[in-house]
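S.K.: take this sequence and fold it.
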Amino acid sequence: MDKAHGQTSFQLVKQVKRITKAAKIGHAGTLDPLATGLMILCTGKKTKIIDSFQGQEKEYTGTITLGFVTPSFDMETEPEQHQDVSTITKEQVEAAMSQFVGAIMQRPPVYSAIKVDGKRAYASARKGVEVEIKERPIEIYEFELVRWENPEVHFRVRCSKGTYIRTLAHEVGQRLGVGGTLTALRRTAIGDNRIEDALNVAQLAALFQPEHGDLSQS
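M.R.: Here you go, the predicted model:
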């Protein structure tokens, strides 16, 4: 499925379940509400193979806007610490990005669904409670500068399971000394599954209209 901007992963699962009338449904990895793109949903007996998709590498395209940061590392929270980026060059951006390619340690953002002491980190963060999230190993296979339009860094990244692109955006900004925030994100691939083959909710609903026959068994 191709998740829409502003939609939660849970909302998408709920819509697909209603359209397909599937008794059992699950997803192989969420996307933040402000992100769009590929989500793999499994129904019925196929829910048993969800783990095989979750472990596959992911590909994303997106935009990092330099010159400010936010507590959530994306536009879910208010921008702060604005800085001048007029002197930042394409070469500096590429050099900063290259330092994250390979096996690295990454600390997930406090505005995440990771559980700390039995509570979701984002729930504590929204209440102003400090949470300590440990670093964990990830791998960045490719981190490519697609286009540089100061202050916007348009990128493509291939990465391992568990990578937070919001954290990557924040750390690129820190490395450049001007701050950076993820302002757009689209997941384009999970393993061999690509966004070009995905359906949006309207397309899925059209497939399940009576005139198309009952496709729920196919």
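S.K.: got the contact list for stretch 36-47?
M.R.: 1-5, 9, 12-13, 16, 20, 22-31, 49-50, 53, 60, 185-190, 193-195, 198 (CB atoms under 8 Å, 6 or more residues apart in numbering). C-beta: built from backbone N, CA, C; applies to glycine.
S.K.: and stretch 140-156, average pLDDT?
M.R.: Mean pLDDT, computed over stretch 140-156, is 98.
S.K.: check which element follows the longest strand belonging to the chain along the chain.
M.R.: Secondary structure of the chain read by DSSP state E shows that its longest strand is strand 136-149. Next along the chain after strand 136-149, taking DSSP states H and E as the criterion, comes strand 152-159.
S.K.: now do that next one and strand 136-149, the angle between them.
M.R.: Angle of strand 152-159 versus strand 136-149, following axes from the mean of the first three to the mean of the last three CA atoms, to 10 degrees, is 150 degrees.
S.K.: tell me the helix or strand right after strand 152-159.
M.R.: In N-to-C order, the element after strand 152-159 by DSSP H and E is helix 165-176.
S.K.: on the three-state scheme, the residue nearest the centre of the chain is what?
M.R.: With distances taken as CA atoms, centre = their mean, the chain has Leu31 as the residue nearest its mean C-alpha position (4.9 Å). At Leu31, secondary structure determined by DSSP: H, G, I helix; E, B strand; the rest coil is coil.
S.K.: name the SS class of Ile19, please.
M.R.: helix.
S.K.: from Ile25, how far off is it?
M.R.: Distance, Ile19 to Ile25, using CB to CB, to the nearest Å: 11 Å.
S.K.: again with Pro79
M.R.: In terms of CB to CB, Pro79 sits 37 Å off from Ile25.
S.K.: over to Gln11?
M.R.: 13 Å.
S.K.: ok, Val16 next?
M.R.: 6 Å.
S.K.: swap in Glu91?
M.R.: 47 Å.
S.K.: the more surrounded of those two?
M.R.: Between Glu91 and Ile25, counting by other CB atoms under 10 Å, Ile25 is the more crowded of the two (16 against 9).
S.K.: next one: phi and psi at that one?
M.R.: phi -150, psi 150 (degrees, to the nearest 10).
S.K.: list the contacts for Asn150?
M.R.: Leu66, Val85, Ser86, Ile88.
S.K.: residues in contact with Thr181?
M.R.: Contacts of Thr181 (CB under 8 Å, 6+ apart): Ile64, Thr65, Phe68, Val69, Thr70, Phe73, Asp74, Met75, Pro79, Ala169, His170, Gly173.
S.K.: and the nearest residue to the fifth one once chain neighbours are set aside, how many neighbours?
M.R.: Distance criterion CB to CB, 6 or more residues apart in numbering; nearest residue to Thr70, sequence neighbours excluded, is Thr77 at 4.5 Å. Close neighbours of Thr77, defined as other CB under 10 Å, add up to 15.
S.K.: how near is Thr77 to Asp84?
M.R.: Counting by CB to CB - Thr77 and Asp84 are separated by 22 Å.
S.K.: ok, now Leu12?
M.R.: Distance from Leu12 to Asp84, by CB to CB: 39 Å.
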